[in-house]
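Asks: When you get a sec, could you give me coordinates for this:
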Amino acid sequence: MKQRNKSAVNVVKRKLSRKQLRKEKRTEKKVRKNEYYSKRQKFAVISKQSDQNVNTIEEPITQVHSSNNVEQLVRKEQKKQKKLQKEMTSQRNKQLKLANEDEDRNIKKLEQQLKLNKRKSKTVPKSFSEDGLDFLLELCDPDKMNSAIAAEQQFADVNDDFAEDLALMTGKESKPKKKRI
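Replies: Here you go, the predicted structure:
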């Protein structure tokens with residue numbers, strides 16, 4: 001019999017687990033919350049009844065806005081609009097930055113899939129030239145773009161010189177052409 005009593009005492013004295021403690025606290029909190037709101041609703045019902053019994057007539061208060069008040073209201077509205085505009089632009093900038101980061105990640109992923117990131121030489125891969133896609137990589141390379149622009153300008157200058165030379169040979173005056181920028 002003594003052992004049974006000891007085991008019963010042990011059950012009572014045994015600490016509750018953290019899970020059980022939290023569960024009990026949640027239930028106690030819910031009970032307190034329900035009590036609070038039930039008392040509050042009773043007071044609200046009583047106050048509504050007392051308001052109906054008084055039968056007082058409330059006159060609406062009319063305010064005359066002076067020009068200063070109107071100007072202040074307009075300024076406040078303008079400030080709100082400016083603030084909203086700033087928030088919108090900042091939000092847009094954040095979205096654009098995130099989109100750029102996503103795009104960069106996507107580009108890196110595609111480079112890895114095409115095995116472009118592990119290349120030591122800067123030449124166009126053989127698979128690209130076989131597929132006829134080598135010009136795409138050439139367009140993306142800034143050095144090649146600059147050389148292409150320089151070559152195009154040089155070609156335009158040569159054409160201008162040719163027109164001048166032809167005019168000198170034939171004896172006709174050449175029309176001055178507008179330069180492209």
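
Asks: C-alpha only now, for contacts and for neighbours.
Replies: Noted.

Asks: Give me the mean pLDDT for stretch 96-106.
Replies: Mean pLDDT, stretch 96-106: 94.

Asks: and what of stretch 81-91?
Replies: 94.

Asks: Can you pull out the low-pLDDT segments for this structure?
Replies: Counting by pLDDT under 70, the chain contains low-confidence ranges at 1-14, 42-66, 117-122, 124, 138, 173-181.

Asks: where exactly do the helices run in it?
Replies: Secondary structure of the chain (DSSP state H): helices at 2-13, 18-54, 67-114, 126-131, 134-140, 142-170.

Asks: Please spell out which residues along the fourth one are buried.
Replies: What it means is helix 126-131. When neighbours are counted by 16 or more other Cα atoms under 10 Å, no buried residue of helix 126-131 is found.

Asks: Could you do stretch 78-92 as well?
Replies: Result for stretch 78-92 [16+ other Cα under 10 Å]: no buried residues.

Asks: In CSV, list the C-alpha atoms belonging to that stretch.
Replies: Only the C-alpha atoms of stretch 78-92 are listed here, as CSV (Å, rounded to 0.1, in the frame of the first residue of the first chain):
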residue,chain,number,x,y,z
GLN,A,78,-0.3,67.5,-51.2
LYS,A,79,2.2,66.2,-48.6
LYS,A,80,0.3,62.9,-48.4
GLN,A,81,0.4,62.6,-52.2
LYS,A,82,4.1,63.4,-52.3
LYS,A,83,4.8,60.9,-49.6
LEU,A,84,2.8,58.3,-51.4
GLN,A,85,4.6,59.1,-54.6
LYS,A,86,8.0,58.6,-52.9
GLU,A,87,6.9,55.4,-51.3
MET,A,88,5.7,54.1,-54.7
THR,A,89,9.0,55.1,-56.4
SER,A,90,11.0,53.5,-53.7
GLN,A,91,8.9,50.3,-53.9
ARG,A,92,9.3,50.3,-57.6
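
Asks: And the contacts of it?
Replies: Residues from elsewhere that reach stretch 78-92, judged by Cα atoms under 8 Å, 6 or more residues apart in numbering: none at all.

Asks: Just give me the neighbour total for residue 137.
Replies: 13 (other Cα atoms under 10 Å).

Asks: Check residue 154 too.
Replies: The number of residues near residue 154, taken as other Cα under 10 Å, comes to 12.
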